[in-house]
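Asks: Fold the following for me, if possible:
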Amino acid sequence: ISLIRAGGHFWGAQTFPAIWVFSASKEFRGIRVTDVDIVDPTYSGIMFQTKYTGNQPENPITDTVFTNVSISGARRSGDAFDAKSGFGIWVNELPEQGQGPAVGSVTFTNLRLSDNWQDIRNTTSTFTITRN
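Replies: Coordinates of the predicted model:
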């Protein structure tokens, strides 16, 4: 699969990637994504996010594996959402008011990153990225 210039912004000031991995009210596990090329995403390539109720995350991202994924050309947008752009992979630390950082983990096998403003942004202590 090739995702070219995918993503956008809506719901106020949120920006969305080519692939949005969002754990919410149901268990988020056993997900497998294989053979994807993300080229020139509008804001970021892949974003991880977790829904919170109050100050508590609902469900973590677990047992999730991406294999043979390439992300290239994630650049700063230059618009009102510039600070939320340019990431190949973004573990979202504060998606919106009242929400907290992504929780859980992901494994990437054969991840290729090139020509991104920042390849991986993970400033959280609640989410782990493993690269094989």
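Asks: Would you check how far apart residue 22 and residue 80 are?
Replies: From residue 22 over to residue 80 the distance is 22 Å, taken as Cβ to Cβ, to the nearest Å. For the C-beta atoms, the positions are set from N, CA and C on the backbone; glycine is no exception.
Asks: which one of the two has more residues nearby?
Replies: For residue 22 versus residue 80, the count of surrounding residues by other Cβ atoms under 10 Å is larger for residue 22: 15 against 10.
Asks: any idea which residue sits dead centre in this structure?
Replies: Computing the C-alpha centroid of the chain and ranking residues by Cα atoms, centre = their mean puts residue 47 first, at 1.0 Å.
Asks: what's it in contact with, if anything?
Replies: 16, 17, 19, 20, 21, 87, 89, 90, 91, 92 (Cβ atoms under 8 Å, 6 or more residues apart in numbering).
Asks: Turn the residues you listed into CSV, including distance to residue 56 and pLDDT.
Replies: Shown next, in CSV, are the contacts of residue 47 (distance: Cβ to Cβ, whole Å; pLDDT from 0 to 100):
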residue, distance to residue 56, pLDDT
16, 24, 92
17, 25, 96
19, 25, 97
20, 21, 94
21, 19, 95
87, 26, 98
89, 25, 98
90, 22, 96
91, 18, 97
92, 17, 92
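Asks: Filter the residues you listed down to just the buried residues.
Replies: 16, 17, 19, 21, 87, 89, 90, 91, 92 (16 or more other Cβ atoms under 10 Å).
Asks: ok, now which residue in this protein is the farthest from the centroid?
Replies: Distance to centre of the chain, Cα atoms, centre = their mean, peaks at residue 54 (22.1 Å).
Asks: ok, and the closest non-adjacent residue to residue 128?
Replies: Excluding the flanking residues, the one nearest residue 128 by Cβ to Cβ, 6 or more residues apart in numbering is residue 105, at 4.1 Å.
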